[in-house]
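>>> Using only what follows, build the 3D model:
(chains A and B)
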2 protein chains.
Amino acid sequence: MNNNVVILLDLDGTLTLDRNTYSLDLEAISEIRNIQKLGVRVFIVTGNSYPVSRGLATYLGLDGVVAENGCVIYFDEEESLCKEIDSNLVLEFERKFNLKGSWQNRYRRYDFGFYPPDLKDDMISWANYRGLYLKTSGYALHLSYNDKGKEVGVNRLLSLLGVDRKNVIAIGDSLTDIDMMKLAAIKVAVSNADEELKAIANVVTKGSSGEGVKEYISSLANALHGSNKRTC
Amino acid sequence: MNNNVVILLDLDGTLTLDRNTYSLDLEAISEIRNIQKLGVRVFIVTGNSYPVSRGLATYLGLDGVVAENGCVIYFDEEESLCKEIDSNLVLEFERKFNLKGSWQNRYRRYDFGFYPPDLKDDMISWANYRGLYLKTSGYALHLSYNDKGKEVGVNRLLSLLGVDRKNVIAIGDSLTDIDMMKLAAIKVAVSNADEELKAIANVVTKGSSGEGVKEYISSLANALHGSNKRTC
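Residues are numbered from 1 along each chain as shown, chains lettered A, B, ... in the order given. A predicted model of the protein is given here:
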């Protein structure tokens, strides 16, 4: 029944070598490919734009993505789940608070990123007055109409997959992963995760970021391999 | 003087496990990271859209990209080098020849991709009549106003880098890599490359695709390491 096991994996700070770099942990990706051979499906759930997320999933060999913090999914086909933000509103926010827009904003429609990633009260007021929501991933500020974050995309993905939540594992490092954790029976935080995420996690890995991902997936693969043998 | 050595690397069929998959060869990427530590700079030169290419370069830890088959580069900042194609023209081409547009076409401006990747005479006539050019990478058909392909972006990149062409190495697998090879002193074709590319290559690797990349870069790293030691 391994083909019912689904791993939801945050990208920045989780599948990377550390929380302060974008470089992916290649050993963690290698471990993901091993567990896929056992029938486990692995998805990236990230705040990145759709083309960056789908491009990465394609070239890493993953099974699909939840992009723009829950607003777009790809599993066989693309599906959008949020209200688009008018580009004038995006520019107004960027200028008013003297922020730098993410280079990916040109390719986004529902969830826009800005630097520095520090949330301030007057920004939150500005956003809420317009029906918008603000979150920080530690990498960037994110502005969208979606108050449920990654939960929206993950909920739709899991329904497409027809998978039982007891077989869903989520791995992350930041506050923005709490929304996806809500839908996973097994909630894994890497050792360098935000304290609030560790507090709700069932498992906190020994290793940080990609090292923690590798450690968890490798132990899961061993367990599944053992259970396969028993059914022979 | 290793920081003057530049490697230009095609993506599809070259850095992948084979020519019929998009999955990247993780061992080849690991070898790239090793040689970067010696001061060698590594760039992806690909027909992919800008966000997919830059996203991959960012998460793989590469030094920049030439995307859209030479039409956009990224090295510290983005620069565009071709004439944009009107989206109505893209749609007309797609419908007239009953092709499927690449999912990345929404994120492209200068070079559009279509499937299946087979070039036909009536397509070429249609394109040339409109001042457009058609090429095939084996993965997709590419339509653009750029008749010099990857050469345009690579030429600009090398001038930004201020690197001597004798220190430029290009590695590829297909016909669309011939344009980039023109600017490299060392032209490397992987063993499963198109015959026309092998014919102009200085080096044909023993291994295919990513295996060949790993093999070539690893031997280069050994050579550079040796030359570093001698200068101590």
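>>> Does chain B have contacts with the lengthiest helix in chain A?
Secondary structure of chain A read by DSSP state H shows that its longest helix is helix A:209-231. No - Helix A:209-231 does not reach chain B (Cβ under 8 Å from any Cβ of the partner chain); its nearest approach is 11.3 Å. Bear in mind the C-beta positions are built from the backbone N, C-alpha and C, glycine included.
>>> average pLDDT for that helix?
For helix A:209-231, mean pLDDT is 87.
>>> where's residue A:4 relative to residue A:164, distance?
7 Å (Cβ to Cβ, to the nearest Å).
>>> An error on my part: the question was meant for residue A:72.
Taken as Cβ to Cβ, the span from residue A:72 to residue A:164 is 25 Å.
>>> Compare these two (neighbour count), which wins?
Taking other Cβ atoms under 10 Å in any protein chain shown, residue A:72 and residue A:164 do not tie; residue A:72 has more neighbours (24 against 13).
>>> Which pLDDT value goes with that one?
Residue A:72 carries a pLDDT value of 98.
>>> Show me what it bridges to in the sheet.
Going by DSSP bridges, residue A:72 is paired in beta bridges with residue A:67, residue A:80.
>>> From residue A:223, how far out is it?
Distance, residue A:72 to residue A:223, using Cβ to Cβ: 33 Å.
>>> need the residues of chain A near chain B, please.
Within chain A, the positions near chain B by Cβ under 8 Å from any Cβ are A:11, A:16, A:21-24, A:26, A:29-30, A:33, A:48-49, A:51-56, A:58-61, A:78, A:103-104, A:106-107.
>>> Going by neighbour count, which of these are buried?
With burial judged by 16 or more other Cβ atoms under 10 Å in any protein chain shown, the buried subset of the residues of chain A next to chain B is A:11, A:16, A:21-22, A:24, A:26, A:29, A:48-49, A:51-56, A:58-61, A:103-104, A:107.
>>> In helices, which of these fall?
Of these, the ones assigned to helices by DSSP H are A:26, A:29, A:51-56, A:58-60.
>>> Please convert those to JSON lines, extending it with pLDDT and distance to residue B:120.
JSON lines is the format used below for those (pLDDT from 0 to 100; distance: Cβ to Cβ, whole Å):
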{"residue": "A:26", "pLDDT": "98", "distance to residue B:120": "40"}
{"residue": "A:29", "pLDDT": "98", "distance to residue B:120": "38"}
{"residue": "A:51", "pLDDT": "98", "distance to residue B:120": "29"}
{"residue": "A:52", "pLDDT": "98", "distance to residue B:120": "33"}
{"residue": "A:53", "pLDDT": "98", "distance to residue B:120": "34"}
{"residue": "A:54", "pLDDT": "98", "distance to residue B:120": "29"}
{"residue": "A:55", "pLDDT": "98", "distance to residue B:120": "28"}
{"residue": "A:56", "pLDDT": "98", "distance to residue B:120": "33"}
{"residue": "A:58", "pLDDT": "97", "distance to residue B:120": "27"}
{"residue": "A:59", "pLDDT": "98", "distance to residue B:120": "29"}
{"residue": "A:60", "pLDDT": "98", "distance to residue B:120": "34"}
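>>> and the two most separated of those?
Across those, the longest distance by Cβ to Cβ is 22.2 Å; it joins A:26 and A:51.
>>> Domain map for chain A?
Per automatic domain parsing, the structural domains of chain A span A:2-81+A:149-231, A:87-144.
>>> Just say which of those domains is most tucked in.
The highest average neighbour count among those, using mean count of other Cβ atoms under 10 Å in any protein chain shown, belongs to domain A:2-81+A:149-231 at a mean of 21.
>>> tell me how far the longest helix of chain A is from the chain's mean position?
Distance of helix A:209-231 from its chain centroid, counting by Cα atoms, centre = their mean, to the nearest Å, is 21 Å.
>>> Using CSV, list the CA coordinates for that helix.
Taking C-alpha atoms only, helix A:209-231 is exported to CSV below (Å, rounded to 0.1, in the frame of the first residue of the first chain):
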residue,chain,number,x,y,z
SER,A,209,17.1,21.3,6.5
GLY,A,210,18.0,18.8,3.8
GLU,A,211,20.0,16.7,6.2
GLY,A,212,16.8,16.3,8.3
VAL,A,213,14.7,15.4,5.1
LYS,A,214,17.3,12.8,4.1
GLU,A,215,17.3,11.3,7.6
TYR,A,216,13.5,11.1,7.9
ILE,A,217,12.9,9.8,4.4
SER,A,218,15.7,7.2,4.7
SER,A,219,14.2,5.8,7.9
LEU,A,220,10.7,5.8,6.3
ALA,A,221,12.1,3.9,3.3
ASN,A,222,13.7,1.3,5.6
ALA,A,223,10.4,0.9,7.5
LEU,A,224,8.4,0.5,4.2
HIS,A,225,11.0,-1.9,2.8
GLY,A,226,10.6,-4.0,6.0
SER,A,227,6.8,-4.0,5.7
ASN,A,228,7.0,-5.0,2.0
LYS,A,229,9.2,-8.0,3.0
ARG,A,230,6.7,-9.1,5.6
THR,A,231,3.9,-9.2,3.0
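>>> Residues touching that helix, excluding its own?
With Cβ atoms under 8 Å, 6 or more residues apart in numbering or on different chains as the test, helix A:209-231 has contacts from A:2, A:5, A:7, A:9, A:13-19, A:24-25, A:27-28, A:31-32, A:34-35, A:38, A:40, A:169, A:171, A:173, A:188, A:190-192, A:203, A:205-207.
>>> All set now, cheers.
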